[in-house]
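Novice: show me the folded form of this:
(chains A, B and C)
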Amino acid sequence: MAWWLFKSEPFKWSWAMQKKKGAAGEEWDGVRNYQARNNMRAMKLGDKGFFYHSNEGLEIVGIVEVCREAHPDSTSDDPRWECVDIRAVCDMPRPVSLKAVKANPCLQEMALVTSMRLSVQPVRAEEWREICRMGGLSAG
DNA sequence: GCCAACGTTGGC
DNA sequence: GCCAACGTTGGC
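Specialist: Okay, here's the model as predicted:
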């Protein structure tokens, strides 16, 4: 089991929209960055991820899980681009802001801090646990 | 809206 | 294969 973080600008694709898709989930399409794509290729069914609102909000608002492994991105004709499908699992009881992440000494090496522009990021087990704790989720 | 950081492109 | 120009991301 691995953990990830998915960034989305809420006015393009919000947590509310993701939740409306329910258990069926939705393609995480539109990624045109090799590192982000490679992260998606590495994902396995059932892997968990944080859903982060960039640009507006700037906070982790929910938990998602991978419900389909990497496949061609239906929004691209270019076979280089692949994506996974993810579905909403639950809300973050208390959204964890970027500010709070940056202020936490345990999270200084998080990709969210060090690789600001990467839109699909790996999350370490201890980072996952810490953020769940901050967000009011007992079980990661 | 600005702009720094950074990824990508393309000429050489 | 280098690197300058350019485009995009995303925090502020």
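
Novice: and what about the nearest residue to A:Met110 once chain neighbours are set aside, helix, strand or coil?
Specialist: Using Cβ to Cβ, 6 or more residues apart in numbering and skipping residues adjacent in sequence, the residue nearest A:Met110 is A:Glu127, 5.3 Å away. C-beta coordinates here come from the backbone N, C-alpha and C atoms, glycine included. Of the three states, A:Glu127 takes helix under DSSP: H, G, I helix; E, B strand; the rest coil.

Novice: return the residues in contact with A:Glu127.
Specialist: A:Glu127 is in contact with A:3, A:106-107, A:110, counting by Cβ atoms under 8 Å, 6 or more residues apart in numbering.

Novice: buried ones among the residues you listed?
Specialist: Neighbour counting over those (16 or more other Cβ atoms under 10 Å) leaves A:3, A:107, A:110 as the buried ones.

Novice: quick check, nearest of those to DNA strand B?
Specialist: Using Cβ to the nearest atom of the strand, A:Met110 comes nearest to DNA strand B of the buried ones among the contacts of A:Glu127, at 13.7 Å.

Novice: pretty sure the closest one contacts A:Leu98?
Specialist: No - A:Met110 is beyond contact range of A:Leu98, at 10.1 Å (criterion: Cβ atoms under 8 Å).

Novice: which parts of the longest strand along chain A are buried?
Specialist: Longest strand in chain A, counting residues (DSSP state E): strand A:82-97. Neighbour counts over strand A:82-97 (16+ other Cβ under 10 Å) mark A:82-88, A:91-92, A:95-97 as buried.

Novice: can it be said to contact DNA strand B?
Specialist: No - using Cβ under 7 Å from any atom of the strand, strand A:82-97 stays clear of DNA strand B, coming no nearer than 13.5 Å.
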